[in-house]
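Student: Need the 3D shape of this:
(one chain, ligands or ions: 1)
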Amino acid sequence: SKKTMPKNFLWGSASAAYQIEGAYQEDGKGLSNWDEFVKIPGKTFKESTGEVAVDHYHRYLEDIALMAEMGLQTYRFSIAWTRIFPKGKGEVNEAGVKFYEAIIDTCVQYGIEPMITLYHWDIPQALVEEYGGWENAQVVDDFVHYATYLIERFKEKVTYWITLNEQNIFTTFGWLTAMHPPGKFDEEALFYKVNHHAFLAHAKTVCAFKEIHPNGKIGASFAYSPSYALTSKPEDAMAKMDFDNLKNFWWMDVYAYGRYPKTAYTYLESKGVAPKVTQEEAILLKKAASLVDFMGVNYYQTTVCEYNPLDGATPYAQMNTSGKKGTNEVTGVPGVYKNPANPYLETTDWDWSIDPMGLSYACKEITSRYALPIVISENGLGAFDTLTSENEIHDPYRIAYLEAHINALIDASQAGCEIWAYCTWSFTDLLSWLNGYQKRYGFVYVDRDEAGGTMNRYKKDSYYWYQDVIKSNGGS
Ligand code: BGP
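Tutor: Numbers count the residues shown, from 1 in each chain. Below you'll find the model as predicted:
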């Protein structure tokens, strides 16, 4: 008989406020960094914005009904800070709270476990203007105030909470490659400082959470791309190790151990960009690490590491945001590592490697290194989909991708990893931050611009397929 996931495992799907809601100025919502950033020409593919997104704000009942019909067991969504505190702090906007309360209640009525992400990249613009947002240590207490308000408010209804989504990505794109707000380039010292503030915000929230909601579960979601050495040359193995310490363990070790990896820290110190850590902060990070319930993992692809000479690849190479295969350039850190394409793997149209075993690898690495339960908070395939004249979407490529990844997840579970949930990215189609609306991830197609812009929802073939997966607990 086919292997399945454990009984209490949750099959889910995920989204994020800015990518799905729209209604960017409705019911008292304040403006976020993203509301401002997308106004800068050339920052997103074809100037796509989340101002309307896929209008989930007005269609959440329909969307959650579709989730229920599918049999979804958990729905991960993010809360827009700007709907709760339009200026980041101060007066609560009750209408915003009510919107999320309605989402939660609708989920609960259908027996769908809501999973809240507190921060999926949209910080109130007011805080950016007042003191520089994440760049200033003041953000820590404002974030904790926002987070604890919601935890208090929804603790009776919501068990699963994620503090920060992909801290590694929003800081890298925000302060190193200028692709996300605040659009800063090569600000390495600031990048580590911003990350340090984010770690403190996460840690303080975790500690407060355990006081307010002792039966709840909390963790951060990390964009984990496990690494492979290109060859067995010692210098490639060393490149892999240095990459892991700088690009993976730098975050995961803080969440799970409450400290930065020593060799990476020493290297950054020698460059003069390591963050300063006070004794009090070190204690806080350790305490939060001892309280955290799970490691949230967003898994899309693995990374290959190769030795990189001093005059080699930099972090600032061209990234494929158009969906034209082969337009990604090799990035790296001179003298440390570079990340060539994997010669053994196929890629998506956006040049992301397709590596189901990498998901199993990620789970096993986390289990052996941190001994923490795992929530796969995102996994999915971005692709071009076509709506047929019969309003059908045939997406066998998405089914093949997800099926292979689910099998790898089952392998990891059998190998001893404690995995609580698997959320696909995404349930409906939605905005891709840099790649616009043409890069689709959903089980449900949204006619946004293509077939008349009706915003109508259409079930893809993968919708019915995942419905069966859930029914058989992964065994179909
Ligand atoms: C993750 C983000 C998601 C989502 C996903 C797909 O990094 O947490 O918000 O966007 O990646 O990425 P993309 O839209 O770039 O294809």
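Student: going forward, measure contacts and count neighbours with C-alpha atoms only.
Tutor: Fine.
Student: mind listing what the closest residue to Pro124 other than its chain neighbours touches?
Tutor: Leaving aside its sequence neighbours, Pro124 sits nearest to Ser32 (Cα to Cα, 6 or more residues apart in numbering; 4.2 Å). By Cα atoms under 8 Å, 6 or more residues apart in numbering, the contact list for Ser32 reads 82, 122-126.
Student: do that again at 7 Å, thanks
Tutor: Going by Cα atoms under 7 Å, 6 or more residues apart in numbering, Ser32 touches 82, 122-125.
Student: Can you check which helix is longest in the protein?
Tutor: Secondary structure of the chain per DSSP state H: the longest helix is helix 188-212.
Student: Packing partners of that helix?
Tutor: If you count contacts as 3 or more Cα pairs under 7 Å, 6 or more residues apart in numbering; DSSP states H and E, helix 188-212 packs onto helix 138-154, helix 167-175, helix 279-291.
Student: right, and Gln73 touches Gly12 too?
Tutor: Yes - with contacts counted by Cα atoms under 7 Å, Gln73 reaches Gly12, the gap being 5.6 Å.
Student: the more surrounded of those two?
Tutor: Higher neighbour count among Gln73 and Gly12: Gly12, with 28 against 22, using other Cα atoms under 10 Å.
Student: Around the ligand, pick out the residues from the stretch 351-476 of the chain.
Tutor: For the stretch 351-476 of the chain, the residues in contact with the ligand (Cα under 6 Å from any ligand atom) are 382, 432-434.
Student: okay if I get those residues as TSV plus neighbour count and secondary structure?
Tutor: Listed next are these as TSV, based on neighbours: other Cα atoms under 10 Å; DSSP: H, G, I helix; E, B strand; the rest coil:
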residue	neighbour count	secondary structure
Gly382	23	coil
Ser432	23	strand
Trp433	21	coil
Leu434	22	coil
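Student: TSV for the helices and strands packed on helix 188-212, including distance to the ligand?
Tutor: Output for the helices and strands packed on helix 188-212, formatted as TSV (distance: least, Cα to the nearest ligand atom, whole Å):
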stretch	distance to the ligand
helix 138-154	19
helix 167-175	7
helix 279-291	22
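Student: just so I know, which of the ones you listed lies nearest His213?
Tutor: helix 138-154 (7.4 Å; Cα to Cα).
Student: what's the closest one in contact with?
Tutor: So helix 138-154 is contacted by 89, 118, 133, 197, 200-201, 204-205, 212 (Cα under 7 Å, 6+ apart).
Student: Need the CA coordinates for that helix. PDB is fine.
Tutor: Extracted C-alpha coordinates of helix 138-154, given in PDB (Å, rounded to 0.1, in the frame of the first residue of the first chain):
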ATOM      1  CA  GLN A 138      12.300  51.400  17.200                       C
ATOM      2  CA  VAL A 139      10.500  49.000  14.800                       C
ATOM      3  CA  VAL A 140      11.000  46.100  17.300                       C
ATOM      4  CA  ASP A 141       8.500  47.400  19.800                       C
ATOM      5  CA  ASP A 142       6.100  48.700  17.200                       C
ATOM      6  CA  PHE A 143       6.000  45.300  15.600                       C
ATOM      7  CA  VAL A 144       5.600  43.500  18.900                       C
ATOM      8  CA  HIS A 145       2.700  45.900  19.800                       C
ATOM      9  CA  TYR A 146       1.000  45.100  16.500                       C
ATOM     10  CA  ALA A 147       1.600  41.300  16.800                       C
ATOM     11  CA  THR A 148       0.500  41.000  20.400                       C
ATOM     12  CA  TYR A 149      -2.700  43.000  19.700                       C
ATOM     13  CA  LEU A 150      -3.600  40.300  17.100                       C
ATOM     14  CA  ILE A 151      -2.500  37.400  19.200                       C
ATOM     15  CA  GLU A 152      -4.700  38.600  22.100                       C
ATOM     16  CA  ARG A 153      -7.600  39.300  19.700                       C
ATOM     17  CA  PHE A 154      -7.500  35.900  17.900                       C
END
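Student: what's in contact with the helix or strand just after it?
Tutor: Next helix or strand after helix 138-154 toward the C-terminus (DSSP states H and E): strand 160-165. Outside strand 160-165, the residues within contact range by Cα under 7 Å, 6+ apart are 115-120, 202, 216-222.
Student: let's go with 6 Å and repeat that
Tutor: Residues outside strand 160-165 that contact it (Cα atoms under 6 Å, 6 or more residues apart in numbering) are 115-120, 202, 217-221.
Student: Let's see which of the residues you listed end up in strands.
Tutor: For the contacts of strand 160-165, membership in strands holds for 115-119, 217-221, with DSSP state E as the criterion.
Student: what about Ile470, distance to the ligand?
Tutor: 22 Å (Cα to the nearest ligand atom, to the nearest Å).
Student: Just give the number of residues close to that residue.
Tutor: Neighbour number of Ile470 under other Cα under 10 Å is 18.
Student: That one belongs to a strand, doesn't it?
Tutor: No - per DSSP: H, G, I helix; E, B strand; the rest coil, Ile470 lies outside any strand segment and is helix.
Student: contacting residues around Val194?
Tutor: Val194 touches 134-135, counting by Cα under 6 Å, 6+ apart.
Student: Repeat the analysis, applying 10 Å as the threshold.
Tutor: 133-137, 139, 167, 171, 174-175, 188, 200, 275 (Cα atoms under 10 Å, 6 or more residues apart in numbering).
Student: cool, and Glu235?
Tutor: Glu235 neighbours (Cα under 10 Å, 6+ apart): 229, 241, 305-308, 336-337.
Student: Surely it is within a strand?
Tutor: No - counting by three-state DSSP, Glu235 is not part of a strand but helix.
Student: And it, how far from Tyr307?
Tutor: 6 Å (Cα to Cα, to the nearest Å).
Student: looking at the helices and strands packed on helix 188-212, which is buried most?
Tutor: helix 167-175 (a mean of 21; mean count of other Cα atoms under 10 Å).
Student: Dump that helix to CSV, restricted to CA.
Tutor: Taking C-alpha atoms only, helix 167-175 is exported to CSV below (Å, rounded to 0.1, in the frame of the first residue of the first chain):
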residue,chain,number,x,y,z
GLN,A,167,13.2,37.4,6.4
ASN,A,168,16.2,36.4,4.3
ILE,A,169,14.4,37.4,1.1
PHE,A,170,12.8,40.7,2.0
THR,A,171,16.1,41.9,3.5
THR,A,172,18.2,40.7,0.6
PHE,A,173,16.0,42.3,-2.0
GLY,A,174,15.4,45.4,0.1
TRP,A,175,19.0,46.3,1.1
